[in-house]
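>>> My questions are about this predicted structure, shown below with the sequence.
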Amino acid sequence: MPRTIAVNTWVWTSPLTDETLEPLARTAARLGYDALELPLESIGDWDPVRTRSVLDGLGLGAVVVGAMGPGRSLLARAGDVAATQDYLRACLDAAEIVRSPVVAGPFYAPTGVTWRMDDGERAGAIGELRENLAPLAREAADRGLILAIEPLNRYETSLLNTVEQSLDALEPLLGAGVGLALDTYHLNIEEKRPDDAIRAAGSAIAHVQVCGSDRGAVGDDHTDWPGILRALDDAGYRGVLGLESFTGENATIAVAASVWRPLAPSQDDLAARSIAHLRALGA
């Protein structure tokens, strides 16, 4: 059975708003996507009720994606924990309305904020993360949702870079409203063998994002895509594959994602080639 393939609206714009959602949803449907990844950068950027109506009209599913901007952190040293918990509750609210099974993102510290830690400091940070994530995990589980926590590469965080680190850090919470969100871009940087890391993640995988190794189109790169899909099958993951790439036309997102050159002739072309390659592989 074909997988559900989604595309993130960051491919075209940031932030997603009520004004931009419908034309982007129509583009995604025209290109053959089954769902949209919906970044909620700030509470109120888009109306979940209206969004659900638009997606229903086009036969599209939804995946809510969070953004850990400056000051958003479940670690007190890196931001406002209470405000971040409130933000994640708002993401869960939106997910419930648009019928997204997960809320995915690096929900521990602001993206791009790094610091050195010895073993004791790391253990303390992991303990704090567990403590501050636990009430959100219970709320997600009560709603039938999963907070899918994404490890990032070493340039974007110093806390969770690998699947092994993430499984260890989140082990007490996994399966009770918490899972892993894996991104092939970060796997390519941090894992010695991305396919083995996927298999190790196993049933903890709650969401998967894909793109070329340069953040461009799937299939235009050196990634072993047949191997990635086989590993996902071996892990028992049949959930959504979400194309996550970024436009360099928006100054804020270009700097945040380090997009310094065009990744494709056009963003539509990037999205079209990605889904064509995945479908040709039987995804």
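Cool, got the structure.
>>> okay, and for the stretch 51-200 of the chain, where does confidence drop off?
The stretch 51-200 of the chain contains no residues with pLDDT under 70.
>>> name the element residue 130 belongs to?
Using DSSP states H and E, residue 130 falls within helix 119-142.
>>> just checking, next helix/strand downstream of that helix?
Following helix 119-142 in sequence order, the next helix or strand is strand 146-149 (DSSP H and E).
>>> What helices and strands are in contact with that following strand?
strand 102-105, helix 119-142, strand 178-183, strand 205-210 (3 or more C-beta pairs under 8 Å, 6 or more residues apart in numbering; DSSP states H and E). For the C-beta atoms, the positions are set from N, CA and C on the backbone; glycine is no exception.
>>> Chain neighbours aside, what residue packs nearest to residue 142?
Spatial nearest neighbour of residue 142, excluding adjacent residues (C-beta to C-beta, 6 or more residues apart in numbering): residue 177 at 7.7 Å.
>>> so can I have JSON lines of the helices and strands packed on strand 146-149 showing mean neighbour count and distance to residue 225?
Formatted as JSON lines, these follow (neighbours: other C-beta atoms under 10 Å; distance: least, C-beta to C-beta, whole Å):
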{"stretch": "strand 102-105", "mean neighbour count": "27", "distance to residue 225": "21"}
{"stretch": "helix 119-142", "mean neighbour count": "16", "distance to residue 225": "31"}
{"stretch": "strand 178-183", "mean neighbour count": "26", "distance to residue 225": "14"}
{"stretch": "strand 205-210", "mean neighbour count": "25", "distance to residue 225": "8"}
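>>> Nearest to residue 155, out of these?
Proximity to residue 155 (C-beta to C-beta) singles out strand 178-183 among those, at 13.5 Å.
>>> Other residues contacting that closest one?
102, 104-105, 133, 137, 140, 146-152, 163, 166-167, 170, 174, 197-198, 201, 204-211, 244 (C-beta atoms under 8 Å, 6 or more residues apart in numbering).
>>> Quick one: residues contacting the residue nearest to residue 142.
Taking C-beta under 8 Å, 6+ apart, one finds 136, 137, 138, 139, 140, 141, 142, 145, 146, 147 in contact with residue 177.
>>> any idea which of those is closest to residue 95?
residue 145 (5.6 Å).
>>> average pLDDT across stretch 239-247?
For stretch 239-247, the mean pLDDT works out to 97.
>>> hmm, what's the outermost residue in the chain?
The C-alpha centroid of the chain is most remote from residue 120, which lies 29.0 Å away (C-alpha atoms, centre = their mean).
>>> if we can go back for a sec, adding distance to residue 14, write the helices and strands packed on strand 146-149 out as CSV.
Listed next are the helices and strands packed on strand 146-149 as CSV, based on distance: least, C-beta to C-beta, whole Å:
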stretch, distance to residue 14
strand 102-105, 14
helix 119-142, 24
strand 178-183, 17
strand 205-210, 16
